[in-house]
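K.L.:
With the sequence up front, the predicted model follows.
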Amino acid sequence: MATALAVEGIDLYYGAARALKSVSVEAKPAAITAVLGRNGVGKSSLLRAIAGVHPISGGNIRLDGAALDKSPPYRRARLGLGYVPQGREIFPLLTVRENLQTGFAPLKPSERSIPDAVFTLFPVLKEMLSRRGGDLSGGQQQQLAIGRALVTRPSVLILDEPTEGIQPSIIKDIGRALQFLRDELDMTILLVEQYLDFCRELADSIYVMDRGEILHSGPASDLDKPEIKRHLMV
Ligand SMILES: Nc1ncnc2c1ncn2[C@@H]1O[C@H](COP(=O)(O)OP(=O)(O)OP(=O)(O)O)[C@@H](O)[C@H]1O
């Protein structure tokens with residue numbers, strides 16, 4: 001049985017500013033769930049809370065039913081959570097191989113190998129193993145960031161705007177990769193996005209966020225509803 005992720009009524013603050021207000025999101029096993037919303041509504045904060053890089057002040061996050069509580073990010077990675085942060089966070093002076101190896105940090109030495117799936121999904125990474133991360137295009141860096149998250153062989157993968165600033169042909173490759181991870185590896189995927197068409201094609205279900213709150217949840221076909229579209233486009 002694939003792993004599910006449940007976010008239950010979480011609050012997150014930056015100082016006195018409340019960025020998440022009792023947010024609940026469920027990512028079903030072996031499915032793609034997309035959280036949509038305009039700039040600054042709290043999408044990245046939601047993923048940072050799930051990854052454990054920013055603390056929550058209320059609510060719960062559960063992986064396969066078990067509360068993550070205050071587990072640090074490396075423990076969440078060991079439990080099966082992979083995180084692709086916004087802006088990719090590639091090390092520009094390290095090679096592609098070394099960037100992938102930075103993903104080994106939470107693993108025991110015996111578990112430290114790069115899964116074949118990384119190069120099957122993104123053959124360009126194999127060709128560029130000895131090149132520096134900073135020499136890659138934005139799209140290749142995004143593929144590298146996803147590859148690095150796959151190094152821990154996660155059961156749940158969370159991605160922060162994987163299409164941001166990327167050319168259409170690579171967006172297609174990334175979409176196909178996410179479908180492969182869901183359909184062939186039963187991975188549970190939660191992504192936050194602003195790109196509606198990408199989500200309409202890929203997602204099984206969607207949430208819409210505004211000002212730190214979930215406004216709507218439903219099937220991806222809800223993205224065709226004029227009131228949802230209008231809300232996301234303005
Ligand atoms: N480190 C921080 N300190 C203070 N405020 C922050 C911090 N990070 C984000 N915020 C604020 O919290 C709110 C939510 O930001 P967040 O980055 O989660 O939104 P977002 O939907 O991911 O936006 P974007 O698409 O621009 O990344 C915004 O008002 C933002 O200005």
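P.N.:
Yep, it's here.

K.L.:
And the residue nearest to residue 7 when sequence neighbours are not counted, which helix or strand is it part of?
P.N.:
Here the nearest residue to residue 7 in space, its sequence neighbours aside, is residue 25; by CB to CB, 6 or more residues apart in numbering that works out to 4.4 Å. Every C-beta, even on glycine, is put in place using the N, C-alpha and C of the backbone. Counting by DSSP states H and E, the secondary-structure element that holds residue 25 is strand 17-27.

K.L.:
Partner strands of that strand, with direction?
P.N.:
Using DSSP bridges, the neighbouring strands of strand 17-27 in the sheet come out as strand 5-14 (antiparallel).

K.L.:
Identify the bridge partners of the spatially most central residue of the chain.
P.N.:
Nearest residue to the geometric centre of the chain (CA atoms, centre = their mean): residue 159, 1.5 Å. Counting by DSSP bridges, residue 159 forms beta bridges with residue 84, residue 191.

K.L.:
Verify the contact between the residue nearest to residue 7 and residue 35 for me.
P.N.:
Yes. In terms of CB atoms under 8 Å, residue 25 counts as a neighbour of residue 35; the distance is 6.4 Å.

K.L.:
shared neighbours of these two, which are they?
P.N.:
Contact criterion CB atoms under 8 Å, 6 or more residues apart in numbering; residues shared by residue 25 and residue 35: 46, 190, 207.

K.L.:
Give me the phi and psi for the first one.
P.N.:
The phi/psi pair for residue 46 (degrees, to the nearest 10) reads phi -60, psi -50.

K.L.:
can you tell me which residues contact it?
P.N.:
When contacts are counted by CB under 8 Å, 6+ apart, residue 46 is found next to 7, 10, 12, 20, 23, 25, 35, 192, 209.

K.L.:
Quick check: closest non-adjacent residue to the fourth one.
P.N.:
Taking CB to CB, 6+ apart as the measure, residue 20 lies nearest to residue 12, with 4.0 Å between them; neighbours along the chain are not counted.

K.L.:
show me what contacts that neighbour?
P.N.:
In this structure, residue 12 makes contact with 18-20, 42, 45-46, 48-49, 54-57, judged by CB under 8 Å, 6+ apart.

K.L.:
Separate out the buried members of those residues.
P.N.:
Among those, the ones that count as buried by 16 or more other CB atoms under 10 Å are 18-20, 42, 45-46, 48-49, 54, 56.

K.L.:
so which of these also contact the ligand?
P.N.:
Checking those against the ligand by CB under 6 Å from any ligand atom, the ones in range are 19, 42, 45.

K.L.:
thinking again about what came up before, and the residue nearest to the centre of the chain, how far from residue 44?
P.N.:
In this view, residue 159 and residue 44 are 11 Å apart by CB to CB, to the nearest Å.

K.L.:
Cool, thanks, talk later.
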